[in-house]
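Undergrad: need a 3D model of the following:
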Amino acid sequence: MELSFGVSYYPELVDENEWARDLALMRDTGLTVIRMLDFAWTAIEPKESCYEFDWLDRFLDLASANGMKVILCTPTATPPAWLAGQYPEVMAMGHDGARYPWGTRRNVCVNTRTYRHYSAALAEKLGERYGHHPAVSGWQIDNELIGPEAYAPECHCPECVFLFRQWVKARYGSVVSVNKAWGLRFWNQELGAWGELDTPRNRHAVAGHVLEHARFFNASVVDYIRLQRDALRRNISESQFITHNSTGVFDRCLDHLDFAAELDYAAWDAYVGAAGNRHPLGEAFTGLANDLFRGAKHKPFLILETNTDDTAYLAYWAEAVARGCGMLLFWHWRRHRANAENRCPALCDYAGKPYPGRLGKIKDFIAKIKPLATVPDEFRKTDAALLYSQDGVRVDHRSAKRPIPYLDALVRLYQPFWRLGVPLDVLRPGDSLEGRKLVVMPCLRLLDASRVETLKEFVRRGGVLLASAKTAHLDEHGVYYPELGGPLRELLGIELVEAELDGAKSVVMADGSEFPVEGQAEEARVGTAEILGCFNGDKAKPAVFANQFCDGKVYYMACVSAPLALVLAKRALKDAGMEFAESPDALACSVPDFAGRGRWLINHSDKPVIFGGDTVPPKCFAVAPGCRTRN
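TA: Okay, here's the model as predicted:
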């Protein structure tokens, strides 16, 4: 795949006489891809079944004549007034039973037959007309499908209630099974018939109910993607790809690996802070998101939107390319004068005049990075993998605690591998671990016991597992196991005694080194494992363990601590026979070039950083073909 750069553009908001000037400026900057139409439903279909394509025909012909490639979005994220007015049932419903108001985006129900009908019809019309246009290289389905704008990712309308009941019926078979699995006897919440099962509307809904509804909503969104994909694929050229711009990657209870499975390319909107909800370790969170989308299909992923307004983003852009991005698009070309997002940063002002320095910055970046970046059509599986479960987010999502404890633990165990330059494919519990040397398992508090054998077999055959608290407290329904950690006790070589250990301020290792506890901690007793460190230096409160299990090794820390995890990560990597290159700064990392030419050195910090003789300026990057590694 040829590395390409581009920009979002809204020709429907621009005077047609200015199109040619904008395209010429884009091309001169090195931007060769245009993404458009994401909010253009009324510009194409101002009235039901009344289509206006002439303006779009003219723009696409002009883009083609200028050598530009175009990604067309299906503009279904914002329903037009005629649709919402005639068919109010398309608007999503909150847990209080009120329909969300018309006039913003994503506030529709993707399950309602009416909205699905009009969405598929629009996608089909666009595919019929532009499925073989020379300027069109690909399609984006909808826009950032994460549920209604500013609301929880869910809908409680009658259609969703009915479909949710069918979902639960298919998975459990009987209300008796539901009662038992979810533990509904307490507070007299047992069901007597399917008609008594509603969507979870209150904050006291049991975990199993909340989890199952989140899984149902995720499946609903995936099915909506599939609906539009099929409507397009029936009409477009095989050379045109279909994708979607994921966002809310970790904190919206949606599984973007499920999205990617239905599409030709995995893609996301990589705004700084978006992946990690502005977590203090946000740079590592963004690296994890890039790893997730690269590993989703083991081929180049796309970034369909990213920031434009700050030189600090050079490091983020470069790291995305280093981790496997094959197309990087900026949002957006020029500010629009009215309505929502009219004050958002752009490359040009309201009159279409470039902002001083912004186009030059991007032009220089493209010129520097293009000769360095070969993007293979496929990527090999990485030797190390990280296990991630959206259920860990779902079970905590209604809590007021932010950051969500699971996500905080996730990034604090990932960040050491980010610093050590070890890319990780992101997998889900139960996925095959064949060919992996090391598995990282942060805070898998909710674990389906049926997924445990895959882990045991991995370690049994010589794999190395590094895990952190809290682990295997709950089953797949959010119900506590009789013994905490029960399914993994043999593998970890410890017994988890209490879910919360108060007063754990630090961990003191056997060599006297001390590390802060940065989050949750649990009380554990040693079984077959060796104790490597204790809470507050108290030998009666073991905190870090190593357990030999058949031919493999398991490291476990009964707390959350990124500095401690860095120490354990090095030990685990050495045991696994893997190379790493430690960064000298917590905001710097090195990423192996997937084309095999050394390492990309990424510096997100405010000061120069030296990697093995190579100096990387602040907020910048370098490529070091001879960068040394250690093992």
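Undergrad: contact partners of stretch 403-413?
TA: Stretch 403-413 has contacts (Cβ atoms under 8 Å, 6 or more residues apart in numbering) with 250-251, 276-277, 279, 281, 284-285, 288, 388, 392-393, 395-397, 399, 440, 442-443, 445, 466, 468-470, 518-520, 560-562, 565. Every C-beta, even on glycine, is put in place using the N, C-alpha and C of the backbone.
Undergrad: ok, of these, which come out buried?
TA: For the contacts of stretch 403-413, a burial check counting by 16 or more other Cβ atoms under 10 Å picks out 250-251, 276-277, 279, 281, 284-285, 288, 388, 392-393, 395-397, 440, 442-443, 445, 466, 468-470, 518-520, 560-562, 565.
Undergrad: please, which helix or strand holds the residue nearest the centre of the chain?
TA: Centroid-nearest residue in the chain, with Cα atoms, centre = their mean: Val249, separated by 2.8 Å. Following DSSP states H and E, one finds Val249 outside all helices and strands.
Undergrad: isn't it right up against Ala289?
TA: Yes: between Val249 and Ala289 there is a contact under Cβ atoms under 8 Å: 4.8 Å.
Undergrad: could you name every residue contacting both of these two?
TA: By Cβ under 8 Å, 6+ apart, Val249 and Ala289 have these common neighbours: Trp268, Ala275.
Undergrad: and the helix ranked longest in the chain, what's buried?
TA: Using DSSP state H to define each element, the chain has its longest helix at helix 207-233. By 16+ other Cβ under 10 Å, the buried positions in helix 207-233 come out as 207-218, 220-222, 224-225, 227-229, 231-233.
Undergrad: so for Cys627, what's the pLDDT?
TA: Looking at Cys627, its pLDDT reads 47.
Undergrad: with Arg278 instead?
TA: Arg278 is assigned a predicted lDDT (pLDDT) of 69.
Undergrad: quick one: low-confidence parts of the stretch 251-400 of the chain?
TA: For the stretch 251-400 of the chain, the stretches flagged by pLDDT under 70 are 276-278, 311, 400.
Undergrad: give me phi/psi at Glu12?
TA: Phi and psi for Glu12, reported as degrees, to the nearest 10, are phi -70, psi -10.
Undergrad: could you do Met441 as well?
TA: Main-chain torsions, Met441, degrees, to the nearest 10: phi -130, psi 90.
Undergrad: now do it against Thr199, distance only.
TA: 31 Å (Cβ to Cβ, to the nearest Å).
Undergrad: ditto for Ala529
TA: 43 Å.
Undergrad: need the residues that contact whichever helix or strand Cys160 is part of.
TA: Using DSSP H and E, Cys160 sits in helix 158-172. The contact list for helix 158-172, computed with Cβ under 8 Å, 6+ apart, reads 89, 93, 109, 111-113, 178, 181, 194-195, 197-199, 212-213, 215-216, 219-220.
Undergrad: mind listing residues that contact whichever helix or strand comes after that helix?
TA: Under the assignment DSSP H and E, the closest C-terminal helix or strand after helix 158-172 is helix 175-182. Contact with helix 175-182 is made by 168, 172, 184-185, 190-194, 196-197, 206-209, 477-479, as judged by Cβ under 8 Å, 6+ apart.
Undergrad: swap in stretch 271-282?
TA: 247-251, 284-286, 288-289, 305-307, 312-313, 316, 402-403, 407-408, 411-412, 415, 562.
Undergrad: for this structure, which spans come out with low pLDDT?
TA: Using pLDDT under 70, the chain drops low at 276-278, 311, 400, 626-631.
Undergrad: what's the closest non-adjacent residue to Pro618?
TA: Nearest residue to Pro618, sequence neighbours excluded (Cβ to Cβ, 6 or more residues apart in numbering): Asp606, at 5.2 Å.
Undergrad: quick check, Val375 in contact with Arg323.
TA: No: contact criterion Cβ under 8 Å: Val375 and Arg323 do not qualify, at 11.1 Å.
Undergrad: more neighbours, the two?
TA: A direct count of neighbours by other Cβ atoms under 10 Å for Val375 and Arg323 places Arg323 higher, at 26 against 18.
Undergrad: next up, the contacts around that one.
TA: For Arg323, the contacting residues are Gly287, Asn290, Asp291, Arg294, Pro423, Val591, by Cβ under 8 Å, 6+ apart.
Undergrad: repeat that for Ala77.
TA: Asp38, Phe39, Arg105, Arg106, Asp142, Asn143, Glu144, Leu145.
Undergrad: tell me how many other residues surround the fourth one.
TA: What that stands for is Arg106. Arg106 sits with 22 neighbouring residues when counted by other Cβ under 10 Å.
Undergrad: okay, and the beta partners of the closest residue in space to Trp331 that isn't next to it in sequence?
TA: In space, Trp331 comes closest to Glu305 once its chain neighbours are excluded; the distance is 3.9 Å by Cβ to Cβ, 6+ apart. Beta bridges link Glu305 to Asp269 when assigned by DSSP bridges.
Undergrad: does Glu305 really touch Ser246, like I thought?
TA: No: Glu305 is not in contact with Ser246 according to Cβ under 8 Å; the separation is 10.5 Å.
Undergrad: find residues that contact each of those two.
TA: Asp269.
Undergrad: counting neighbours, go ahead and name the busier of the two.
TA: Between Glu305 and Ser246, counted using other Cβ under 10 Å, Ser246 has the larger neighbour count: 27 against 24.
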